[in-house]
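Visitor: Structure for the following, please:
(chains A and B)
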Number of protein chains: 2
Amino acid sequence: MTPQSEDFSAWYNELVIKAQLVDRGPVRGTMVIRPYGYRIWELLQADLDRRIKEAGHDNACFPMFIPESYLRREAEHVEGFSPELAVVTVAGGKELEEPLVVRPTSETVIGEYMAKWIGSHRDLPLLLNQWANVVRWEMRPRMFLRTTEFLWQEGHTAHIDEADAMRETMWALDAYAAVARDLAAMPVVPGEKTPGERFAGAVRTYTIEGMMRDGRALQAGTSHYLGTNFAKAFEIQYQDEAGKLTLAHTTSWGMSTRMIGGVIMTHGDDTGLVLPPRLAPYQVVIVPIGRKEQGEATAAEARRLGAAIKSMGIRVHVDDNRPQLSPGFKFNDWEMRGVPIRLEIGPRDLENGVATLVRRLPTVEGQGKEAVPLERVPEIMPQILADFQAFLLARAETFRGDHTRAVEVWDDFGAQVAEGWALAFHCGRAECEDDIKADTAATPRCIPAEGPAEQGVCVKCGQPSAYGKRVIFGKAY
Amino acid sequence: MTPQSEDFSAWYNELVIKAQLVDRGPVRGTMVIRPYGYRIWELLQADLDRRIKEAGHDNACFPMFIPESYLRREAEHVEGFSPELAVVTVAGGKELEEPLVVRPTSETVIGEYMAKWIGSHRDLPLLLNQWANVVRWEMRPRMFLRTTEFLWQEGHTAHIDEADAMRETMWALDAYAAVARDLAAMPVVPGEKTPGERFAGAVRTYTIEGMMRDGRALQAGTSHYLGTNFAKAFEIQYQDEAGKLTLAHTTSWGMSTRMIGGVIMTHGDDTGLVLPPRLAPYQVVIVPIGRKEQGEATAAEARRLGAAIKSMGIRVHVDDNRPQLSPGFKFNDWEMRGVPIRLEIGPRDLENGVATLVRRLPTVEGQGKEAVPLERVPEIMPQILADFQAFLLARAETFRGDHTRAVEVWDDFGAQVAEGWALAFHCGRAECEDDIKADTAATPRCIPAEGPAEQGVCVKCGQPSAYGKRVIFGKAY
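Guide: The predicted structure is shown next:
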């Protein structure tokens, strides 16, 4: 496999296939998510779905075919998505009278039904979510990061006023940051997008940005306050307490299979994937070692231990049915596939009543293999997994810290965004953003929510700074 | 609402909208599944997904756009599905070189990857499943039963030989029958389809058939043994132990949102839906009664009771935030929406320390409202729900028994299939099936797995009977 340091992009493209996360689809830009990759998505989905429901949202399912005319009702929206649309023109053996767009996102079709379902202020807030596939025709496709078809959830809500809609917008952003941090061990930065990076049709767009191990940024989830833009386009209105017809304020927010790409690029190394335990299809793999009678004895012990670990609610796999492969091959295979904890049981381990425990990465400098008494293994495993999860988060935080610097003058800017993020003042002008992008390929990733209040002059053009704080600039996926 | 007896079809069409299960989609034949309907699907999905995983299958996700050429590789398959396809011809602003079919089912695209992933006999069985949306352009669409886009799971597996593939085919059929019986309280009949009713490309098709309250049959899940048909078309082969390249035997099986239509038509009545507790979004609804202080006191008790019932793992809803609606309206509303158990708490109930418990249907003749001491309500609720679930299944079994008869002579056939199912001998000839359909609109629903071995002469043409047992004939959805 190509090493990260040599060609990060090649490393990624080779690894996603080799680790059996995905395969290339039959149509350019599409992907087949294989069981090992899909399980990561299911684990993420279960946690996020629970949060969404606990906060009072209901899941629903809207059609994926949207009449073309719907998209045209919101001018910015159609302009933003037009170049990426896939269009059905023939169905049931006939040319359709009105072409159907395969949804790139569902604001328009859901807006149509919000208008129908909302009558009075009593019907608000209306809190909907759907888990769906969407299609955006990609010019530069990349597995998980930009695929023609991808999976996501899209939340769509309607509110009585801006304040309530903004509360919702920030709730979703917080939920995404928590999922990224707690499950993916990705220490993302939440913040607002500059106007040039807003969702097509939004008043304000918020994002969580993670730093990948090549120093680039990954937008890992977005939440949009749509104001009354879609409410106007689709007549989403309610009777207020005085009986007056009033426009609702809407939001939308989404997190997608792109997150899996984020996990790979936040933690992976030249050996392969490194999966955070909370998203690992197998948190523990047990490899019995030995031939003939010895092999049978260690395999029996591996299965017994596997059952004991499983009964603790841990996802464990016993690698006991590939006799044609050597132990060394199996060790490498599971390391490449990112399994957090490996347990080896050889004939000598069995004699000594121990298993050899190997972490995918040493959590303490110089820490190597460790012999653990067999009967102690199940009881210590939850803590070992929790520690490994915390280690990955801390390591990613350190990495981000090491690759983020305040930049005051333009001469230092290019070098910084070549290896990480620059915290810089910006004037807020779209043309100046364009100039920066043309010169360095970096874009404003977000105005970080937690950045301290500061004023200065634009790193590029010297005009007074906008936003009241520094902006994060970086190259993005 | 139109009564069932007057026009079953109108009753169904009105009820699905009124009960807020669905709304009509913007494109003819599509549906919006609203939260109340989607929750039923989620409950069904959770149970079926658990069974699928426990039996060793892995979930995956294949692209929904299939190159047209893939479908043409299996001759019967493309012939069966061609009239129903939706086709993407434009994407990213350009005419596509090869049109893309939106999947009507995924045998072809999955076959392509099975061929790639299977090398040796050690890779078998390959047990895959996906939860997906599929598109079949419908001429006579009907909410849940036949919609242009619907949700389903599709299992796709590859095996070393016919025996193993047939074991899998029957496993899926058994799982479907169990889900229908245990969750939906639908006493379905499992059996084999006659050749004329087979899936396009299958060697043998198995089905579960339920009887709706108008006496018609609903095919509620199918499982197909595909032999080596798709293996030949896509070169799905493995090296056997001797190193010889051998064709795999494949299966596919699916259950869809159509099941929700089955639940509605198996249990519903003129008052509205009747939901089996295991699929009811709300198993219990509590309606507090009274105005001002009295209303506040009963609402407070309703919330306390709701929390106690919820803590038992029961899905409960307290209807305490619609002061503009009368108690009578709420009772009717929840009955129409099929909630199994209603608890009313009025000021007098509160004085007496009781709640009034009302079942959606009396499970014992003449049984009406029942006063239950408040402190006893949570502890008795699991049994009350289980009894109601069992009652619905038994009622549906009785109904099916009352509407199924052995028919010996053609003169009796039409009358029987007008009100239910006919158990009749059939010669097995496709032309004879066609004659029966032309005369009566009835089709062979299945050769029931559990039917006793019998021989006779064809009810229609008098030739010797095929199949070694009677066939179930009925009109179908």
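
Visitor: Burial check on residue A:441, number of neighbours?
Guide: 14 (other CB atoms under 10 Å in any protein chain shown). C-beta: built from backbone N, CA, C; applies to glycine.

Visitor: Find the nearest non-adjacent residue to it, please.
Guide: Computed as CB to CB, 6 or more residues apart in numbering or on different chains, the closest residue to residue A:441 that is not its neighbour in sequence is residue A:475, at 5.2 Å.

Visitor: which phi and psi does that neighbour have?
Guide: phi -80, psi 140 (degrees, to the nearest 10).

Visitor: Spit out the contact partners of it.
Guide: Listed by CB atoms under 8 Å, 6 or more residues apart in numbering or on different chains, the contact set of residue A:475 reads A:215, A:216, A:217, A:417, A:440, A:441, A:442, A:443.

Visitor: From chain B, how far out is the fourth one?
Guide: According to CB to the nearest CB, to the nearest Å, residue A:417 and chain B sit 29 Å apart.

Visitor: same thing with residue A:379?
Guide: Noted for residue A:379: a distance of 26 Å to chain B, by CB to the nearest CB.

Visitor: Tell me where the model's unsure across the stretch 301-450 of chain A.
Guide: Residue ranges of the stretch 301-450 of chain A with pLDDT under 70: none are present.

Visitor: What ranges does it have for its strands?
Guide: Along the stretch 301-450 of chain A, counting by DSSP state E, counting those that start in this stretch, strands occupy A:316-318, A:341-345, A:354-359, A:370-373, A:404-406, A:421-424, A:443-448.

Visitor: How about the stretch 101-250 of chain A?
Guide: Using DSSP E, counting those that start in this stretch, strands in the stretch 101-250 of chain A cover A:126-135, A:149-159, A:189-192, A:204-211, A:217-225, A:237-239, A:245-247, A:249-256.

Visitor: is the following helix or strand past the last one up against chain B anywhere?
Guide: Counting by DSSP states H and E, the next helix or strand C-terminal to strand A:249-256 is helix A:258-267. No - counting by CB under 8 Å from any CB of the partner chain, chain B has no neighbours in helix A:258-267; the shortest distance is 11.4 Å.

Visitor: Give me the mean pLDDT for the very next helix or strand once past helix A:258-267.
Guide: Next helix or strand after helix A:258-267 toward the C-terminus (DSSP H and E): strand A:284-288. In this model, strand A:284-288 has an average pLDDT of 98.

Visitor: tell me what strand A:284-288 is packed against?
Guide: Where contact means 3 or more CB pairs under 8 Å, 6 or more residues apart in numbering or on different chains; DSSP states H and E, strand A:284-288 is packed against helix A:292-310, strand A:316-318, helix A:327-336, strand A:341-345.

Visitor: how about a cut-off of 10 Å?
Guide: Contacts defined by 3 or more CB pairs under 10 Å, 6 or more residues apart in numbering or on different chains; DSSP states H and E place strand A:284-288 against helix A:292-310, strand A:316-318, helix A:327-336, strand A:341-345, helix A:347-352, strand A:354-359, helix A:377-402.

Visitor: Check whether stretch A:158-174 comes near chain B.
Guide: No - against chain B, stretch A:158-174 shows no contacts by CB under 10 Å from any CB of the partner chain, the least distance being 14.0 Å.

Visitor: Buried residues of that stretch, list them for me.
Guide: Buried residues in stretch A:158-174, counted by 16 or more other CB atoms under 10 Å in any protein chain shown: A:158-160, A:164-166, A:168-174.

Visitor: If you count neighbours, what's buried in stretch A:3-13?
Guide: Buried positions in stretch A:3-13, judged by neighbour count with 16+ other CB under 10 Å: A:4, A:8, A:11, A:12.

Visitor: er, stretch A:243-258 I mean
Guide: A:246-258.

Visitor: need the helices and strands packed on strand A:284-288 in a markdown table with mean neighbour count, can you?
Guide: Output for the helices and strands packed on strand A:284-288, formatted as a markdown table (neighbours: other CB atoms under 10 Å in any protein chain shown):
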| stretch | mean neighbour count |
| --- | --- |
| helix A:292-310 | 17 |
| strand A:316-318 | 20 |
| helix A:327-336 | 16 |
| strand A:341-345 | 24 |
| helix A:347-352 | 15 |
| strand A:354-359 | 20 |
| helix A:377-402 | 17 |
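
Visitor: Show the contacting residues for the most centrally placed residue in chain A.
Guide: Ranked by distance to the mean C-alpha position of chain A (CA atoms, centre = their mean), the top residue is residue A:259 at 1.9 Å. For residue A:259, the contact set (CB atoms under 10 Å, 6 or more residues apart in numbering or on different chains) comprises A:40-41, A:44, A:48, A:144, A:152, A:176, A:179-180, A:183-184, A:186, A:208, A:210, A:218, A:220-221, A:279.

Visitor: any idea how far it is from residue B:168?
Guide: Using CB to CB, to the nearest Å, residue A:259 is found at 33 Å from residue B:168.

Visitor: Equivalent analysis for residue A:105, please.
Guide: Look at residue A:105 and residue B:168: by CB to CB, they are 38 Å apart.

Visitor: Same question for residue A:268.
Guide: Computed as CB to CB, the residue A:268 to residue B:168 distance reads 36 Å.

Visitor: can you pull the contacts of the closest residue to residue A:140 other than its chain neighbours?
Guide: Closest residue to residue A:140 in three dimensions, ignoring its sequence neighbours and counting by CB to CB, 6+ apart: residue A:146, at 6.5 Å. Counting by CB under 10 Å, 6+ apart, residue A:146 touches A:29, A:136, A:138, A:139, A:140, A:258, A:261, A:477.

Visitor: I'd like the residues you listed laid out as a markdown table, including pLDDT and distance to residue B:391.
Guide: Output for these, formatted as a markdown table (pLDDT from 0 to 100; distance: CB to CB, whole Å):
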| residue | pLDDT | distance to residue B:391 |
| --- | --- | --- |
| A:29 | 94 | 53 |
| A:136 | 97 | 50 |
| A:138 | 89 | 54 |
| A:139 | 88 | 59 |
| A:140 | 92 | 59 |
| A:258 | 98 | 48 |
| A:261 | 98 | 51 |
| A:477 | 95 | 56 |
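
Visitor: May I see the residues you listed arranged in CSV, with distance to residue A:96 as well?
Guide: CSV is the format used below for the contacts of residue A:146 (distance: CB to CB, whole Å):
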residue, distance to residue A:96
A:29, 24
A:136, 21
A:138, 25
A:139, 26
A:140, 30
A:258, 31
A:261, 35
A:477, 36
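
Visitor: Report the two of these separated the most.
Guide: Largest separation among the contacts of residue A:146 by CB to CB: A:139 and A:261, giving 17.4 Å.

Visitor: Neighbour count: these two, which is higher?
Guide: Set residue A:139 next to residue A:261 and count neighbours by other CB under 10 Å: residue A:261 wins out with 24 against 9.

Visitor: and the residue nearest to that one when sequence neighbours are not counted, what does it touch?
Guide: Closest residue to residue A:261 apart from its sequence neighbours, by CB to CB, 6+ apart: residue A:144 at 3.5 Å. Residue A:144 is in contact with A:12, A:16, A:21-22, A:31, A:33, A:37, A:40-41, A:150, A:256-265, A:477, counting by CB under 10 Å, 6+ apart.

Visitor: let's see it at 6 Å
Guide: Contact analysis of residue A:144 by CB atoms under 6 Å, 6 or more residues apart in numbering or on different chains lists A:257, A:258, A:260, A:261.
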